[in-house]
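[1] Build me a model from this:
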Amino acid sequence: MRANRLFWGILLALIGVILLLQNVDFLPGNFWTIFWPSLLILVGLWVLLRPRLRQSQASSLEAESLSLPLDSGITEARIKFEHGAGRLQIAAGDNPIELVGGTFVGGVESHVDTTQSIPSVKLSARDNFVAGPVFLGGEGLHWDVRLNRQIPLYIKLSTGAGETRVDLTGLLVKEIKLETGASSTEITLPDRAGQTHVEVEAGAATVKLRVPEGVAARIKAETGLSSVTVDTARFPRQDDVYISPNYDMAANRVDIDIEGGVGSFDIR
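    Below is the predicted model:
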């Protein structure tokens with residue numbers, strides 16, 4: 001059901017963009033005579049190739065475990081996710097001596113760099129992993145990740161077509177950056193991290209940001225054809241920003257900057 005909704009949502013958004021471009025004379029008048037046959041060819045090729053791709057991925061879709069220790073002397077860390085298509089879940093872990101852990105269906109490549117002032121971890125899909133479009137029934141990655149709740153973290157998410165669910169409750173996340181395309185993303189922001197900076201760059205995506213009770217927020221959105229919904233009871237609008245009345249004095253607060261194309265954003 002979710003795959004069907006995502007497929008039709010992307011298709012309708014794509015048609016809407018094309019209609020807009022055609023109305024402003026950016027596209028030739030005969031564009032539709034090319035578009036529909038091309039779309040049917042692409043879908044047909046995927047239907048034909050999907051069984052072969054499933055066979056080649058049978059082994060890579062097994063669940064793998066990963067545990068990266070929190071080495072002594074590490075007081076903060078950067079963590080980057082390059083996920084692609086599929087499902088990504090992130091939450092706080094319970095192991096105080098583990099920096100990153102979890103299970104990874106489809107496999108994962110991990111790279112740790114301790115040469116910088118702030119050590120970094122990059123988790124990415126393997127080069128030999130081939131996933132068809134999730135909205136057409138393709139098998140994507142499924143990562144379930146747990147992060148250390150003892151040290152400050154700086155997180156970057158680069159995701160493709162799929163679903164991302166991030167719960168930062170209990171984590172000391174100082175910065176989170178999201179770069180995503182045609183996807184569905186929901187992020188519950190930190191509740192005890194002090195100051196947190198949030199950056200969102202999204203295309204044809206649905207992005208939900210949840211600000212925990214007791215956390216103040218300042219929200220600025222620069223969007224094109226996107227719709228933006230903000231809980232103005234908590235975050236009244238002042239000029240071009242939405243801001244909590246107690247933002248300057250709040251012990252825990254988030255600073256949110258959004259750039260969007262065609263999609264929807266919901267902050268509450």
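[2] lowest average confidence, helix or strand, in the protein?
    When each helix and strand of the chain is scored by mean pLDDT, DSSP states H and E, helix 2-23 comes last, with a mean of 59.
[3] any chance you could map the strands in the stretch 101-250 of the chain?
    For the stretch 101-250 of the chain, the strands defined by DSSP state E, counting those that start in this stretch cover 109-113, 120-124, 141-147, 152-167, 172-180, 184-188, 195-202, 206-210, 216-223, 227-230, 237-238, 241-243.
[4] to the chain's geometric centre, what's the distance from stretch 205-215?
    Taking CA atoms, centre = their mean, to the nearest Å, one finds stretch 205-215 lying 13 Å from the centre of the chain it belongs to.
[5] hmm, back to that, tabulate the strands of the stretch 101-250 of the chain (TSV), appending mean neighbour count and mean pLDDT.
    The C-beta positions use only the backbone N, C-alpha and C, and glycine is treated the same way. Converted to TSV, the strands of the stretch 101-250 of the chain look like this (neighbours: other CB atoms under 10 Å; pLDDT from 0 to 100):
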stretch	mean neighbour count	mean pLDDT
strand 109-113	12	96
strand 120-124	17	96
strand 141-147	21	95
strand 152-167	21	94
strand 172-180	20	97
strand 184-188	20	96
strand 195-202	19	95
strand 206-210	20	95
strand 216-223	18	92
strand 227-230	15	90
strand 237-238	10	94
strand 241-243	20	96
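[6] any chance of those strands in TSV, plus distance to residue 98?
    Converted to TSV, the strands of the stretch 101-250 of the chain look like this (distance: least, CB to CB, whole Å):
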stretch	distance to residue 98
strand 109-113	13
strand 120-124	12
strand 141-147	7
strand 152-167	13
strand 172-180	15
strand 184-188	21
strand 195-202	22
strand 206-210	25
strand 216-223	30
strand 227-230	36
strand 237-238	42
strand 241-243	37
